[in-house]
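Peer 1: Quick one, what's the 3D model for this:
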Amino acid sequence: MLKKSILLIVVLFAILALAGYLYYPNIEEAPRSYLTPKTTVTATTMPMMQQLDKSEVPSRGSSIPSQYKDEIVIGTPGRDISVTVHLVLTVKDVKAAAARASSIATSLGGYVQSSSISNDRGYITLKVPRERLDEALSSLKSLGKLEREELSTIDLTNSIIDIDARLRNAEAEEERLLNLLNKAVTINDILEIESRLSAVREKIERLEAMKKEMERRVDYSTIQLELNREGVKPQQEDIISRIERDAYRALMGSIYIIVVGGAFLFIPAVMAIAVYLLVRSRRKSEP
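Peer 2: I've put the predicted structure just below:
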């Protein structure tokens, strides 16, 4: 009896593990880089860039830097593209290069969105008008030695179209409510319509803000500038941090396996118990 129980436990555990691993997520995520590039150009190899889909061709002026245009298939116009360029430079003086980069962005009508500067390294996010992106990149590259250059694009066309449609519906609803308000007679009707009107106007303001933010992302390209001082090696992850990270991921994976496997086993286990109790009760009732 004991051997059968042990065998049953082993079988259940095997099924649990199998079920969990079948639906096990990708816990070992790729490291979070400064950005996730859609296309990449390195300063040394300059490989052929990934071709953009026809749905990713810019329309609001030329959002793609000119040095990329010969390697990008231009398709159907009428797209709103947000462009991000990541530059990695080696410089003699990080703080001086950072100050110069900020000045370049400002002189071109842009601004500094964020920055983190030390003696050895610097990370700066710049926003520049899309039509001045070529000038900005050319000036920034002159600050030091170009180590890596990456281009990332996001097509916001469908999102902007969706917001426009929702905005038109909300404005039409606002107009209908205003007409009803003019015809309302009782206090209760007036209060109810005004309440609905307030909610619709709040929705309109929220949609307008979302649309402006997306249009700003199209109108202003992003440059993520990473500066490294000459002679400074990249920071290496220490062994303790790596062990802690991997242990945490292993723990989360084990919990996931148990939970998912348990969910798979729940219904079969209930059915097995029900059958067992039914058979047992019949055996007891037999003479």
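
Peer 1: Alpha carbons of stretch 176-186, as CSV, please.
Peer 2: Extracted C-alpha coordinates of stretch 176-186, given in CSV (Å, rounded to 0.1, in the frame of the first residue of the first chain):
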residue,chain,number,x,y,z
ARG,A,176,-26.7,65.7,-28.5
LEU,A,177,-26.6,66.3,-24.8
LEU,A,178,-26.4,70.0,-25.3
ASN,A,179,-29.6,69.8,-27.4
LEU,A,180,-31.3,67.7,-24.8
LEU,A,181,-30.2,70.2,-22.1
ASN,A,182,-31.8,73.1,-24.0
LYS,A,183,-35.1,71.1,-24.2
ALA,A,184,-35.0,69.9,-20.6
VAL,A,185,-37.8,71.1,-18.3
THR,A,186,-37.5,69.4,-14.9
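
Peer 1: Identify the residues contacting that stretch?
Peer 2: 190, 193, 194, 196, 197, 200 (CB atoms under 8 Å, 6 or more residues apart in numbering). Placement of C-beta: from N, CA and C, glycine included.

Peer 1: again, 10 Å this time
Peer 2: Counting contacts by CB atoms under 10 Å, 6 or more residues apart in numbering, the residues outside stretch 176-186 that touch it are 189-201.

Peer 1: Which positions within that stretch qualify as buried?
Peer 2: By 16 or more other CB atoms under 10 Å, the buried positions in stretch 176-186 come out as 177, 184.

Peer 1: What of stretch 140-154?
Peer 2: 140, 143, 144, 146, 149, 150, 151, 152, 153.

Peer 1: Show me the two of those residues that sit farthest apart.
Peer 2: 144 and 153 (25.4 Å; CB to CB).

Peer 1: returning to that earlier point: from the buried residues of stretch 140-154, which ones fall inside helices?
Peer 2: Among these, the ones falling in helices (DSSP state H) are residue 140.

Peer 1: Closest to residue 252 out of the buried residues of stretch 140-154?
Peer 2: The closest of the buried residues of stretch 140-154 to residue 252 turns out to be residue 152 (CB to CB; 28.7 Å).

Peer 1: Show me what that closest one is bridged to.
Peer 2: residue 84 (DSSP bridges).

Peer 1: so can I have JSON lines of the buried residues of stretch 140-154 showing distance to residue 217 and pLDDT?
Peer 2: Formatted as JSON lines, those follow (distance: CB to CB, whole Å; pLDDT from 0 to 100):
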{"residue": "140", "distance to residue 217": "20", "pLDDT": "94"}
{"residue": "143", "distance to residue 217": "25", "pLDDT": "94"}
{"residue": "144", "distance to residue 217": "28", "pLDDT": "93"}
{"residue": "146", "distance to residue 217": "25", "pLDDT": "93"}
{"residue": "149", "distance to residue 217": "20", "pLDDT": "92"}
{"residue": "150", "distance to residue 217": "18", "pLDDT": "91"}
{"residue": "151", "distance to residue 217": "15", "pLDDT": "91"}
{"residue": "152", "distance to residue 217": "12", "pLDDT": "88"}
{"residue": "153", "distance to residue 217": "11", "pLDDT": "90"}
